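Asks: Give me a model of this one.
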Amino acid sequence: MGLMHYDGSMAEHLVKIGTNGRFVLPVEVRRALGVADGDTLVVRVLDDEVRLSTPAAAVRRAQRAVRPYLQGRSLSEELLADRRAEAAGE
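Replies: Residues are numbered from 1 along each chain as shown. Below you'll find the model as predicted:
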């Protein structure tokens with residue numbers, strides 16, 4: 001069972017590293033991430049920590065990082081306009 005925060009949420013789990021660096025994600029962690037057998041996870045090392053996330057969560061993180069620089073712009077609309085201009089010029 002994992003260690004719990006004072007509010008009852010999951011804080012951390014202790015896992016052992018096995019053969020070839022393998023470890024088992026506790027069921028509570030798999031449920032929290034919404035992952036099942038065969039799913040893919042993104043593994044990052046940040047500030048001397050290993051962080052696991054789903055590809056969808058990694059995309060959401062990237063979108064949040066870029067959002068302040070868009071200032072109301074739609075990159076997809078800009079791309080479509082560029083493609084239309086290129087097609088018209090051919």
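Asks: any low-confidence regions in the protein?
Replies: Residue ranges of the chain with pLDDT under 70: 1-11.
Asks: Just the strands from it, written as ranges.
Replies: 3-4, 10-12, 42-46, 49-53 (DSSP state E).
Asks: got those as JSON lines, with mean neighbour count columns?
Replies: C-betas here are computed from N, CA, C, even on glycine. Shown next, in JSON lines, are those (neighbours: other Cβ atoms under 10 Å):
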{"stretch": "strand 3-4", "mean neighbour count": "10"}
{"stretch": "strand 10-12", "mean neighbour count": "12"}
{"stretch": "strand 42-46", "mean neighbour count": "10"}
{"stretch": "strand 49-53", "mean neighbour count": "11"}
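Asks: Leu25: which of the ones you listed is closest?
Replies: Across these, Leu25 has its closest neighbour in strand 49-53 (7.6 Å, Cβ to Cβ).
Asks: Return the distance of the closest one from the chain's centre.
Replies: 9 Å (Cα atoms, centre = their mean, to the nearest Å).
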